[in-house]
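Peer 1: the sequence and its predicted three-dimensional model are supplied below.
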Amino acid sequence: MRSLIGFTPSKLSIFKLAFYHKSASNDKMTAITSNERLEYLGDAVLGTIVAEYLFKKYPNKNEGFLTKMRSKIVKRQSLNQIADKMGLDVILNEYNQTRLSRSMLGNALEALVGAVYLECGYDGTKRYVIDKILRSYLDIHELEEYDDNYKSQLLEHCQKNGQVVTYKMLAKYKFDKRDRFKVAVMIDGKKLATADDFNKKSAEQTASEKAMHILGLITKANQKGNKGVRANA
């Protein structure tokens, strides 16, 4: 744990709890015996720290730019990638006897931030997030240029061509004791692509990305690189 956070915590049990996912527990009190509450806290703290960091880093940028940049950093896909680079999958495998999903990585990262906050307070957590996460695992300048809002891009393309884009939820089912959504992106009423995710909006984004591939609007070569998340840190 020390190698991960840079110090030996006085409340080690809280840091261990950050890596217990509810899907691995049969206890009815999963909110207490899993990392859900820490994830909730870490999500709020992380969002505030990132907002302050961007506010100071870009003194001449408007609210719209800052909001987009914050969204790129704290969105689930980015957090999953950062957590993977940090090696959180190894710790999750140690504490959970269940198959890991990508979203569990980002959840654990948020829970870890929550644990650091309880141990170190806001200022200590801010130093940890900026030094150990943002500066270590993000290429902020590359992130400025990267546009990953596929839903918006697809909508813009279709509007230019007189087409109508809609989204349809095909199914809602349980996976690892969690709700999972399957959605389809429709163009002029015809299904073009589908995607599954634990979050409906994320599923719509993934379906939109697939649709853009099918339409030839983006290729894997276009997306090559780390999308602002450093491959090696």
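Peer 2: That came through, no problem.
Peer 1: any idea how far the spatially closest residue to Thr219 that is not a sequence neighbour lies from Ala207?
Peer 2: Once flanking residues are discounted, Thr219 sits nearest to His213: 7.2 Å by Cβ to Cβ, 6 or more residues apart in numbering. (Each C-beta comes from the backbone N, C-alpha and C, glycine too.) According to Cβ to Cβ, to the nearest Å, His213 stands 11 Å off from Ala207.
Peer 1: with Lys11 instead?
Peer 2: Counting by Cβ to Cβ - Lys11 and Ala207 are separated by 42 Å.
Peer 1: quick one: furthest residue from the center of the chain?
Peer 2: Gly162 (33.0 Å; Cα atoms, centre = their mean).
Peer 1: and that residue, backbone torsions?
Peer 2: phi 70, psi 30 (degrees, to the nearest 10).
Peer 1: wait, what's in contact with it?
Peer 2: Gly162 makes contact with no residue, according to Cβ atoms under 8 Å, 6 or more residues apart in numbering.
Peer 1: what sits closest to the residue nearest the centre of the chain if chain neighbours are left out?
Peer 2: Nearest to the centroid of the C-alpha atoms of the chain, with distances taken as Cα atoms, centre = their mean, sits Arg76, at 1.4 Å. Among residues not flanking Arg76 along the chain, Gly106 sits closest, at 5.1 Å (Cβ to Cβ, 6+ apart).
Peer 1: repeat that for Tyr95.
Peer 2: That would be Phe19: by Cβ to Cβ, 6+ apart, it lies 4.5 Å from Tyr95.
Peer 1: I'd assumed that neighbour was in a helix, is it?
Peer 2: No - under DSSP: H, G, I helix; E, B strand; the rest coil, Phe19 falls outside any helix and is assigned coil.
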